[in-house]
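Chemist: turn this into a model:
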Amino acid sequence: MSERFINPLLEKIENHRLLLISIFSAFYFAGFCLIASKKVMWNDELFTFYIARLPHFSDVWNALLTGAEQTPPFSYIVTRTFFRLFGASNLSIRLPEILGVWLMGLCLLVFVWK
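Modeler: This is a model prediction of the structure:
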């Protein structure tokens, strides 16, 4: 009995992959962007926030050379880009990671489907 129920359900899922990805993405971004915009920054995010807001990347580099922060420089390049696009906020500092986890999930889904 369960096989008669599961097989048609799996066929419907196979035929509507794009719709399922779209629904998942909408809920994912709505939920996590809301949480990210409301949640207070943690200690490591505050370091990133203040260092990424320095006027020039040479200033960022000099701050990293002190050894107080061990985050790779590319992270600050991405964060500075998001600050320029969306302004410096709780959401914009977390948006690169939100996008990265979403993209990883899509890649994992494509891998599993194949």
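Chemist: elements contacting the worst-scoring helix or strand of the chain on mean pLDDT?
Modeler: Sorting the helices and strands of the chain by mean pLDDT, DSSP states H and E puts helix 2-15 at the bottom, at a mean of 78. The helices and strands touching helix 2-15, judged by 3 or more CB pairs under 8 Å, 6 or more residues apart in numbering; DSSP states H and E, number zero. Bear in mind the C-beta positions are built from the backbone N, C-alpha and C, glycine included.
Chemist: C-alpha coordinates for it, PDB please?
Modeler: Provided in PDB are the C-alpha atoms of helix 2-15 (Å, rounded to 0.1, in the frame of the first residue of the first chain):
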ATOM      1  CA  SER A   2       2.700   2.500   0.800                       C
ATOM      2  CA  GLU A   3       4.400   1.800  -2.500                       C
ATOM      3  CA  ARG A   4       1.300   2.900  -4.400                       C
ATOM      4  CA  PHE A   5       1.400   6.100  -2.500                       C
ATOM      5  CA  ILE A   6       5.100   6.800  -2.600                       C
ATOM      6  CA  ASN A   7       5.800   6.200  -6.300                       C
ATOM      7  CA  PRO A   8       3.200   8.700  -7.600                       C
ATOM      8  CA  LEU A   9       4.500  11.200  -5.000                       C
ATOM      9  CA  LEU A  10       8.100  10.700  -6.200                       C
ATOM     10  CA  GLU A  11       7.000  11.200  -9.800                       C
ATOM     11  CA  LYS A  12       5.300  14.500  -9.000                       C
ATOM     12  CA  ILE A  13       8.400  15.700  -7.200                       C
ATOM     13  CA  GLU A  14      10.600  14.700 -10.200                       C
ATOM     14  CA  ASN A  15       8.300  16.600 -12.500                       C
END
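Chemist: after it, next one along is what?
Modeler: Beyond helix 2-15 on the C-terminal side, the first helix or strand identified by DSSP states H and E is helix 17-38.
Chemist: show residues contacting that following helix.
Modeler: Ile13, Ser89, Asn90, Leu91, Arg94, Leu95, Ile98, Trp102, Gly105, Leu106, Leu109, Trp113 (CB atoms under 8 Å, 6 or more residues apart in numbering).
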